[in-house]
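Student: quick one: sequence and predicted model below, then my questions.
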Amino acid sequence: MLSRLYLLAVAVILPLSSPGAAGQEALDGVTFRQNSKVMYEKIVDAVPSPFRGRTRAKWEREIAETCGDGGVTEEDVVEIAKRLTPRLFLRSTLEIADEHRTEQ
């Protein structure tokens, strides 16, 4: 689904530091609403494995900073995807999110 160019884009955008365990701790107490957690997990799982840990940590920090105690909605996941996803891969990322949206 994602090409080698994605690897290059992710390598350029993501920091070279190790994600550590801070990302998971950042989500402690965060409430996911509707299918937002599934959307988030599927998007992160689509990232090539060498970059998945750093991507997950970046998403977790962004979710914690953006959503805080208010809970994460599907729209929050889409907005975070728009901010964090390299432009070249935004369409495929949003398609993943749309596949898991709650019917409205």
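Tutor: Happy to help now that I have it.
Student: got the residue ranges for the helices in this structure?
Tutor: 4-13, 22-26, 36-45, 49-67, 74-84, 90-99 (DSSP state H).
Student: winner for burial among these?
Tutor: Highest mean neighbour count among the helices of the chain (mean count of other C-beta atoms under 10 Å): helix 36-45, with a mean of 20. For the C-beta atoms, the positions are set from N, CA and C on the backbone; glycine is no exception.
Student: okay, which residue is most central for this structure?
Tutor: Geometric centre of the chain, nearest residue: W59, 4.4 Å, by C-alpha atoms, centre = their mean.
Student: switch the helices of the chain over to JSON lines; also include mean pLDDT.
Tutor: JSON lines is the format used below for these (pLDDT from 0 to 100):
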{"stretch": "helix 4-13", "mean pLDDT": "50"}
{"stretch": "helix 22-26", "mean pLDDT": "56"}
{"stretch": "helix 36-45", "mean pLDDT": "96"}
{"stretch": "helix 49-67", "mean pLDDT": "93"}
{"stretch": "helix 74-84", "mean pLDDT": "96"}
{"stretch": "helix 90-99", "mean pLDDT": "96"}
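Student: thinking again about what came up before, for E103, see how far away the residue nearest to the centre of the chain is.
Tutor: Taking C-beta to C-beta, to the nearest Å as the measure, W59 falls 24 Å from E103.
Student: what of G68?
Tutor: Taken as C-beta to C-beta, the span from G68 to E103 is 27 Å.
Student: what of E60?
Tutor: 27 Å.
Student: re earlier: need the nearest residue in space to the residue nearest to the centre of the chain, chain neighbours excluded.
Tutor: V44 (5.9 Å; C-beta to C-beta, 6 or more residues apart in numbering).
Student: contacts only, for that neighbour.
Tutor: When contacts are counted by C-beta atoms under 8 Å, 6 or more residues apart in numbering, V44 touches 52, 55-56, 59.
Student: just the closest of those residues to S36, please.
Tutor: The closest of the contacts of V44 to S36 turns out to be W59 (C-beta to C-beta; 11.7 Å).
Student: L84 is in contact with the closest one, correct?
Tutor: Yes. Using C-beta atoms under 8 Å, W59 is in contact with L84, at 6.6 Å.
Student: shared neighbours of these two, anything?
Tutor: Counting by C-beta under 8 Å, 6+ apart, nothing touches both W59 and L84.
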